[in-house]
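Visitor: Sequence plus predicted model, see below.
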Amino acid sequence: MMRMRVFSNLRFVLLTAIVIFTILDTISALRHHHQRNSRGNVVLSHDGSSSSHPQLGQRTKSNVNGSLKYGIYDTRSKRSDVPDARPEPSKRLYVSKTVEDVILRVSSKIRDDTLRQIFKNCLPSTLDTTILYHKKFNDTFPYTYVITGDIRAMWLRDSTYQVNPYVKFAKDDVDLRDLILGVINTQAEMINLYAYGNAYFPLKHWNSSIELDPPEYSKNDIVFPIYNRDEVFEAKYELDSLASFLYLSKYYWEETGDTRFLHNPNWVTAVRLVLRTMLDQQGGTVEVLKNPPFTFTRPTRTQSETTNLNGIGNPVIRCGLIRSFFRPSDDSTIFQYLIPSNAMAVIGLEGVAKVLDNSKMYEDLSNDLKLLAKEVRQGIQKYGIVQHPEFGQVYAFEVDCYGSHLMMDDGNFPSLLSLPFYNFVTRDNPVYLNTRKYILSAQWNSFFCTGLFPGIGSPHTGLQKTWHLAQAMQAFTSTDETEISFLLTLLRNSTAGTGFMHESYNVDDPKQFTRSWFAWANTFFGDLILHLEQEYPHLLETKF
């Protein structure tokens, strides 16, 4: 009886302490919301100059107090395990008032201090550190040059997804619209320079002061068609690069209704060139053997840095799909019909055709885009879906349409994991769900990393190296709250104390990572948090 009485008293004391601690913690959070600082900020104007611009939420007392309507958590992240790693306001390359407001609003809904600080570091990473050029010449179209981070070149694919999270906020923000429209216009002119490029120098007519030398690793490349090494940083033909240009154009129009790019002759020319290039790359290897539209070889000891058979790649046969010599990771394909890139091409082709139809412009071009999209979609359905020995019908990663297929996925995207992200399939599509089972299994996907921080990796960085992009995409495309929470925990705890995402890291030791400055991964993590705030807001209230 005495033991029971003592136990009861101890339980009462413990519960009382928990209640008191919770009350004090909430009072502290509310008190912090009424504090403010008055730091200014800097925004890059259209002509490339800097102008004073206060940071949203720090301009007036009413703005800060008004943030209480967003959430109850102190947005300063005082107990974070990672630092506030954004550049000082005066060193930020571009500041969007709208994006700063989003950061303040969403941060106040994130309970975990470390997760909150990572979000605050990552979402604006592209704007803070990679907009090396943004300018509008007189009344003509704007231009924007976006570097990847640690590489000062502009990749078509990377730049698309670096600005992708901001598109949804651009409808009522003319400056943000011009920034993203500048990316589209710049991509168009780059494609017109050389449609088979994946990365480019700043456009010469800008006369910018951006310094960038041609890469040493490509100086001995033998590529057809030839290209200007002062304009094209790398000439690895990747289908998803062209598809990314189409995707950004259509997504920008869907979110903003802005059709100015339709009146840019460079954009129209680029779309026609993309269409011509994709049609040329539908040809089978033997079919075009005497006059191949593209070849690539590089002297290297790394197989994935060059292509087989003296630059034409392993044989494929015409089947409606479009060839891709390289993957989004910049690694060469084994079978050139890369299913995720073909799926993204479908979305881009159909999307741009819809823009043209809605605007009642270029009917012939729209019809050609829709016809190609139909052929590719049918090709994926017929040749891209294969029978898995355990999971039934699944999407293969690559096929040759002779009957061979590759079963894996890559940490980069577009990937099989990302198919619902582009709305090629729904998240509950049976074939996709079967596919998800095998690509998230070390037994069936040789580049799924097992260890303390499991996730999909890539041949680009080697075995047992998880990619932050893949972990974030796994959470983005999941409908399982337990899985999402687990992935948030992995992402939160794997920045190696930097507060930023990386390209890849050792599955058992996040301190061993590649690329400390990889803006695409940073911004996509921010996009994941924005997605969760809309679909699973209660998960952001978790203390990890």
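Guide: Great, that's in hand.
Visitor: Tell me which residue is most central in this structure.
Guide: Geometric centre of the chain, nearest residue: Y161, 3.8 Å, by CA atoms, centre = their mean.
Visitor: thought that residue was touching T523?
Guide: Yes: with contact defined as CB atoms under 8 Å, Y161 and T523 form a contacting pair (7.2 Å). For the C-beta atoms, the positions are set from N, CA and C on the backbone; glycine is no exception.
Visitor: For the closest residue to N423 other than its chain neighbours, report the pLDDT, please.
Guide: Of all residues beyond its chain neighbours, the one nearest N423 is I347 (6.5 Å), with distances taken as CB to CB, 6 or more residues apart in numbering. According to the prediction, I347 has pLDDT 98.
Visitor: who's in contact with I347?
Guide: A243, Y247, K250, Y422, N423, F424 (CB atoms under 8 Å, 6 or more residues apart in numbering).
Visitor: Can you list the low-confidence ranges for the stretch 1-150 of the chain?
Guide: Counting by pLDDT under 70, the ranges of the stretch 1-150 of the chain that qualify are 1-77.
Visitor: what are the ranges of the strands in the stretch 201-350 of the chain?
Guide: 222-224, 232-234, 295-297, 337-338 (DSSP state E, counting those that start in this stretch).
Visitor: I'd like to know which of the contacts of I347 is nearest to Q282.
Guide: For these, the residue nearest Q282 by CB to CB is A243; the value is 14.2 Å.
Visitor: Look at the closest one and report its pLDDT.
Guide: The predicted local confidence for A243 is 98.
Visitor: any idea how far it lies from E541?
Guide: From A243 over to E541 the distance is 37 Å, taken as CB to CB, to the nearest Å.
Visitor: Looking at these two, which has the bigger crowd around it?
Guide: A243 (30 against 13; other CB atoms under 10 Å).
Visitor: Please list all residues in contact with that one.
Guide: Taking CB under 8 Å, 6+ apart, we find A243 in contact with S341, M344, A345, I347, G348, P414.
Visitor: on that earlier part again, could you dump the contacts of I347 to a markdown table with distance to T144?
Guide: As requested, the contacts of I347 are exported to a markdown table (distance: CB to CB, whole Å):
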| residue | distance to T144 |
| --- | --- |
| A243 | 20 |
| Y247 | 17 |
| K250 | 18 |
| Y422 | 22 |
| N423 | 25 |
| F424 | 27 |
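Visitor: Pull out the buried members of the residues you listed.
Guide: Among the contacts of I347, those classed as buried by 16 or more other CB atoms under 10 Å are A243, Y247, K250, Y422, F424.
Visitor: The fourth one in helix, strand or coil?
Guide: Using DSSP: H, G, I helix; E, B strand; the rest coil, the three-state assignment for Y422 comes out as coil.
Visitor: How about it, nearest residue that isn't a chain neighbour?
Guide: According to CB to CB, 6+ apart, the nearest residue to Y422 is I347 (4.9 Å).
Visitor: what's the distance between the one you found and R301?
Guide: Distance, I347 to R301, using CB to CB: 37 Å.
Visitor: same question, I184
Guide: Distance from I184 to R301, by CB to CB: 38 Å.
Visitor: hmm, back to that, so how do I select the buried members of the contacts of A243 in ChimeraX?
Guide: Here is the ChimeraX selection string for the buried members of the contacts of A243, based on 16+ other CB under 10 Å:
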select :341,344,345,347,348,414
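Visitor: between the contacts of A243, which is nearest K136?
Guide: Relative to K136, the closest of the contacts of A243 is G348; by CB to CB it sits at 25.7 Å.
Visitor: these two touch, right, the closest one and Y251?
Guide: No: using CB under 8 Å, G348 makes no contact with Y251, being 9.2 Å away.
Visitor: In the sheet, which residues pair with Q387? Tell me.
Guide: Judged by DSSP bridges, the bridge partners of Q387 are Q393.
Visitor: change the start of the numbering to 367 and stick with it
Guide: Let's use 367 as the start, then, which means that last one is Q753.
Visitor: any idea of the pLDDT on it?
Guide: 98.
Visitor: Tell me, how many residues neighbour R693?
Guide: R693: 27 neighbours (other CB under 10 Å).
Visitor: which residues does it contact?
Guide: Taking CB under 8 Å, 6+ apart as the test, what R693 contacts is E604, D606, T699, L704, S707, D776, N778.
Visitor: Try it again at 7 Å.
Guide: For R693, the contacting residues are E604, T699, L704, D776, N778, by CB atoms under 7 Å, 6 or more residues apart in numbering.
Visitor: List only buried entries from those.
Guide: In the contacts of R693, the ones that pass as buried (16+ other CB under 10 Å) are E604, T699, L704, D776, N778.
Visitor: what's near enough to touch the last one?
Guide: Counting by CB under 7 Å, 6+ apart, N778 touches R693, P694, S695, S824, L835.
Visitor: for the second one, what are its contacts?
Guide: The neighbours of P694, taking CB under 7 Å, 6+ apart as the test, are R523, E604, D606, D776, N778, F779, P780.
Visitor: helix, strand or coil for the last one?
Guide: In other words, P780. Strictly by three-state DSSP, P780 counts as coil.
Visitor: what's the spacing between it and F660?
Guide: On the measure of CB to CB, P780 and F660 end up 20 Å apart.
Visitor: Phi and psi next, for the residue nearest to the centre of the chain.
Guide: Backbone torsions for Y527, taken as degrees, to the nearest 10, come to phi -80, psi -20.
Visitor: quick one: the nearest residue to it once chain neighbours are set aside from Q528, how far?
Guide: In space, and not counting its chain neighbours, Y527 is closest to W886: 5.4 Å by CB to CB, 6+ apart. Using CB to CB, we find W886 at a distance of 5 Å from Q528.
Visitor: What's the local residue count around the nearest residue to S812 once chain neighbours are set aside?
Guide: With sequence-adjacent residues excluded and distances taken as CB to CB, 6+ apart, S812 is closest to M774, at 6.0 Å. Neighbouring residues of M774 were enumerated by other CB under 10 Å; the total is 20.
Visitor: and M774, helix, strand or coil?
Guide: Assignment for M774 (three-state DSSP): coil.
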